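Enquirer: coordinates for the following, if possible.
(2 chains)
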Amino acid sequence: MKEKMKAFFAAFLRLCKRIGAFFGRVCKNLMDGGMAIPIIALLLLVVFNLIRDPGFFGIGIQHNNDGNVVLAGNIISIINGASELAILAMGMTLVTAACGGQDISVGAAAAIAGSAFVKVLKASSSISGGTVVLAFVCSCIVAMIFAAFNGTLVAVFKIQPMIATLILYTCGRSIAYWINGGATPTVSSPIISGIGSFIPGIPVPTPVIIVAIMTILFGLLFRFTSLRLFTQSVGVNGSAARLNGINSTFIKLLSFIILGVCVSVAGCIGVSRLGLINHETLLIDIEMDAILAVAIGGNSLGGGRFRISGSIIGAYVIQMLTITLYAMRVSSTDVKAYKAIVIILLVVIGSPVVKEKFGKFMTRLVHGRKRVSAKGAEE
Amino acid sequence: MKTSFFKRKEPLTDTQLLMTIAIGIFVVMYVLAIVLLGGGFRRPKQIFDMLNDNASLIIVACGLTIVMIGGGIDISVGAVTSLVVMSCVLYLNSGGSIVVSVLLALGIGLGFGLVQGFLISYLEIQPFIVTLAGMFFARGMTTILSVNPQKADHAAFAELRNTKIEISWLGYTAKNGNRMPAQIELGVVIAFVCLVLVFLLLRYMRLGRGFYAVGGNQRSALMLGINVKRTRFLSYVLSGLLSGVSGYVFLLHTGAGNATNADGMEMNAIAAAIIGGTLLTGGVGTVIGSFFGVLILTTIKKIVVTSGLNAPWWQSITTGGMLCFFILLQSVVLSRRAKKKKT
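Expert: Numbers count the residues shown, from 1 in each chain, chains lettered A, B, ... in the order given. Down below sits the predicted model:
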């Protein structure tokens, strides 16, 4: 009897060790790939919300004010609310990867793009589909000019991106105010509200569709051009890339101009949501959130390898965090403090030093103390 | 003697060159303002007003200069200043003593510096993200403490606030015949003490030279036997401590706490440091330059107001233009020097 117990106990121990080894391997694989942090964070938030309120992720069907059948629920509002952030995070990832720095002027530039959008719309007598397209193209061009200004400072004059974009950060919102002529003009049209909320007949919010289109466009861009490879090589070592025949100045400039397009799309969505342009509050503080999304997405802020999908997930993590805090009745001004704590926890988990310590701890846990020391002695 | 006074044996270092440019442009700008605009610029009181308004910005810029020389960035300084102001006001209003409120200010600043420094240098997390989180945390805590503006209601503190050095012969007589003396607030004195201390630290102390070494080239610094991690850690601690001081000085100037206090101060401080010739890449810069950077930023704003560009957007557009000018100038000057060195 005693021996049977012993054998059973030994078998149990072996099983435990095997399970431990399996989880250790899974953890290690996830940790080595950059995607670990955003996915873990997303899962943690989902689990937390399910425990807190099982009905949190319920999706309902409602009739909105115009009588359309639309989807409603927390998850829809999270995906919808993060649209601008996700679009900006895509562009920001490219700039970060190519230049090894971040653009802190995206919020201000979006205000300028939104002002140009409204200015063109206001100039025409009636708002039709054609005028909206024309207005969007104009705002795109304006945003691309400002992006090219930033890009020239970074690529040609070799100024740190953060410093170069500090200029537009300082004066961008004032330029938007100037374009608006010292007012906050409003536009009201079914097309604009359609872009901002729902197109009749489609139950999915339009900003979500725009994000999907942008994601596909980025996917096609990377599929059919060598932009990803070129950007990464410029980001890893600019002069080495130049010696290999890559025009690093052009790649950097191009990354800024692509970000300019993203900025203009985000600015137009922001304007369409409210039907007005307020230079002070449009996409306020979004530059910080966009950089955060890039970092949470497992991309190095020092440039080089990048993963745009990580940044998009990062954007949704940030928005889900905000909505969760709102659902817990935290006031909108206090949200920042709790957000900061979660961010710090995330980056501490993701920091190389902690990862290394954790990895050592896991191997010790799996293989036991003795083997590690024996291996050490062999070496 | 044939060698002239201006000819030096050693060429200027990058740090000295950029600082000289900043000081030179400030002097030219101010003289032009006196000649062309006159008005308030003719009175010496203008300079004292500028100093009184910007004492806390000068202190924050000192701290940021240290961090930037060490090759890092700290964007939490403005938010920490705001948090310190709010907590000190609430503490004073609940009947606390002045000594403890000063300690509270220093403690909050030091706390932020220690935590951020530890995360950045020992856990090797990117400084931008850590201090961004610090900024969010401090701003959030400020609104958690109080959303509404709070006025300091404390007899001894009011007395301290009114302690001013009056220099009557530098003042002027207003139109109604009242004599307006030039005043120096206590905050300016504190700011100058900080400025001198940081200057001495960077110039003559081992730790200060360590900041330059670490910012210039981390690997060489390591080979020289400098404790890189500790040096970076201390740069953030100093910056945090100085933001605490700046918060108290801000409170001495305004006497009230508000959730939007010191809004955008971090970017102003970074701009001041850049104008003063501190490079974000590290290893180059002085606090004297940053001090003149603050003065240049303020002078631009005063010039815009005096010259009658009253529309609300001109102040920041001219500031942005000026910043652009300085950044381009520095870039061109430094790249030309680099080319000269090569040939």
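
Enquirer: got a list of what residue B:78 touches?
Expert: Taking C-beta atoms under 8 Å, 6 or more residues apart in numbering or on different chains, we find residue B:78 in contact with B:60, B:135, B:262, B:263, B:264, B:265, B:266, B:267, B:268, B:269. For the C-beta atoms, the positions are set from N, CA and C on the backbone; glycine is no exception.

Enquirer: and if you look at residue A:203?
Expert: A:61, A:68, A:69, A:70, A:71.

Enquirer: surely the first one meets residue A:71?
Expert: Yes: at 6.3 Å, residue A:61 and residue A:71 qualify as touching, with contact defined as C-beta atoms under 8 Å.

Enquirer: skipping adjacent residues, who's closest to residue B:89 in space?
Expert: Computed as C-beta to C-beta, 6 or more residues apart in numbering or on different chains, the closest residue to residue B:89 that is not its neighbour in sequence is residue B:257, at 3.7 Å.

Enquirer: what's the burial count for the one you found?
Expert: 28 (other C-beta atoms under 10 Å in any protein chain shown).

Enquirer: swap in residue B:107?
Expert: Neighbours of residue B:107 (other C-beta under 10 Å): 15.

Enquirer: let me see the contact set for the closest residue to residue A:284 other than its chain neighbours.
Expert: In space, and not counting its chain neighbours, residue A:284 is closest to residue A:107: 6.3 Å by C-beta to C-beta, 6+ apart. Going by C-beta under 8 Å, 6+ apart, residue A:107 touches A:169, A:172, A:173, A:282, A:283, A:284, A:285, A:286, A:287.

Enquirer: which residues touch the fourth one?
Expert: Residues in contact with residue A:282 (C-beta under 8 Å, 6+ apart) are A:107, A:110, A:111, A:114, A:176, A:267, A:270, A:271.

Enquirer: what's the neighbour count on the fourth one?
Expert: Other residues near residue A:114 come to 32 when the count uses other C-beta under 10 Å.

Enquirer: right, and it touches residue A:270 too?
Expert: Yes: under the criterion of C-beta under 8 Å, residue A:114 makes contact with residue A:270 at 6.0 Å.

Enquirer: residue A:194 touches residue A:205, doesn't it?
Expert: No: Residue A:194 is beyond contact range of residue A:205, at 10.5 Å (criterion: C-beta under 8 Å).

Enquirer: these two: which is more packed in?
Expert: Under the criterion of other C-beta under 10 Å, the comparison of residue A:194 against residue A:205 puts residue A:205 first, with 23 against 17.

Enquirer: wait, the more buried one sits on residue A:199?
Expert: No: judged on C-beta under 8 Å, residue A:205 makes no contact with residue A:199 at a distance of 9.2 Å.

Enquirer: which residues of the stretch 151-300 of chain A lie near chain B?
Expert: Contact residues (C-beta under 8 Å from any C-beta of the partner chain) of the stretch 151-300 of chain A with chain B: A:153, A:157-160, A:162-164, A:166-175, A:177-178, A:182, A:288, A:291-292, A:295.

Enquirer: check contacts around residue 163.
Expert: All of this is about chain A. Each residue near residue A:163 by C-beta under 8 Å, 6+ apart is listed here: B:270, B:274, B:280, B:327.

Enquirer: was after chain B, sorry
Expert: Counting by C-beta under 8 Å, 6+ apart, residue B:163 has contacts residue B:186.

Enquirer: how close does it get to residue B:98?
Expert: 12 Å (C-beta to C-beta, to the nearest Å).
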